[in-house]
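Novice: All I have is the shape, not the residue letters:
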């Protein structure tokens, strides 16, 4: 099955700094690459996603970059704010069975200090 | 538009007891997912329905877990008997159409049910 890893597992930054989280996956058939944010005690929420025919996507302070050849994609957050503190999950998706299925990574805890 | 609804929000049971969780997806969403999220880990897919049919239950411990979506709308997940290691948050999610080969659809999550097995 798909093996998904995230690095780092924990990331502490000062407010205003940038943060980068990397996700590596094993299934070369993956064609959808979302990032979810999960605040403490809350449900995961999609913050940005990218599809396999695009190398980069940006939405205000967040961006995702994809390297399909190397099988990794990264989340970039600029000008971090305390409210960005949360656990972030990558969840590459494939469709080998004919149905869309996400495999969640191990998670990265981001702490933004004021 | 109403989101994914789940109940109960919290449940405490003793090991070997049974428990059931309920999920009502977003109206019109054909695909429904049940995930298990153990503390400190990412959600793990237990079972995926397309309308009222199961399309993936490869990670469902079938000796104790069962799920159904009889009318292709709401769904129940049952554990019988529960074990200590079943303590987790059980998340339900839905998407408009989870079929491969078409534009990937966002999965929307419910608030989850936190299960504690003593």
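Specialist: Thanks, I have the structure now. Being a predicted model, the structure only gives us computed values, none of them experimental.

Novice: Can you tell me, leaving aside adjacent residues, what's nearest to the most centrally placed residue in chain B?
Specialist: In chain B, the centroid-proximal residue (Cα atoms, centre = their mean) is residue B:34; its distance is 2.3 Å. Spatial nearest neighbour of residue B:34, excluding adjacent residues (Cβ to Cβ, 6 or more residues apart in numbering or on different chains): residue B:46 at 4.6 Å. (Each C-beta comes from the backbone N, C-alpha and C, glycine too.)

Novice: Which residues does the helix or strand containing the one you found contact?
Specialist: For residue B:46, the enclosing helix or strand under DSSP states H and E is strand B:44-50. Identification of contacts with strand B:44-50 by Cβ atoms under 8 Å, 6 or more residues apart in numbering or on different chains yields A:99, A:101-104, B:30-38, B:54-57, B:59-60, B:65, B:67, B:69, B:72, B:75, B:77, B:98-99.

Novice: which bits of chain A sit near chain B?
Specialist: Within chain A, the residues that sit near chain B (Cβ under 8 Å from any Cβ of the partner chain) are A:4, A:31-32, A:34, A:42-46, A:49, A:51, A:89, A:91, A:93-107.

Novice: Let's see that with 7 Å instead.
Specialist: Residues of chain A found near chain B (Cβ under 7 Å from any Cβ of the partner chain) are A:32, A:43-44, A:46, A:51, A:89, A:93, A:95, A:97-102, A:104-107.

Novice: Mark which of those are buried, thanks.
Specialist: Taking 16 or more other Cβ atoms under 10 Å in any protein chain shown as the criterion, what is buried in the residues of chain A next to chain B is A:32, A:43-44, A:89, A:93, A:95, A:99-102, A:104-107.

Novice: Confidence-wise, which of the residues you listed comes last?
Specialist: Among these, residue A:95 has the lowest pLDDT, at 59.

Novice: residue boundaries of the strands in chain A?
Specialist: Using DSSP state E, the strands of chain A run over A:4-7, A:10-14, A:19-25, A:32-38, A:45-51, A:56-59, A:62-67, A:72-77, A:86-90, A:93-94, A:101-102, A:108-113.

Novice: okay if I get these as TSV plus distance to residue B:105?
Specialist: Formatted as TSV, these follow (distance: least, Cβ to Cβ, whole Å):
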stretch	distance to residue B:105
strand A:4-7	20
strand A:10-14	30
strand A:19-25	20
strand A:32-38	9
strand A:45-51	10
strand A:56-59	17
strand A:62-67	18
strand A:72-77	19
strand A:86-90	18
strand A:93-94	10
strand A:101-102	11
strand A:108-113	25
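
Novice: Highest mean neighbour count out of these?
Specialist: Stretch with highest mean neighbour count among these: strand A:101-102 (a mean of 27; mean count of other Cβ atoms under 10 Å in any protein chain shown).

Novice: I'd say residue B:68 and residue B:77 touch.
Specialist: No. Contact between residue B:68 and residue B:77 fails when scored by Cβ atoms under 7 Å: they sit 8.6 Å apart.

Novice: wait, residue A:66 sits on residue A:51?
Specialist: No. Counting by Cβ under 7 Å, residue A:51 is not a contact partner of residue A:66; they are 8.6 Å apart.
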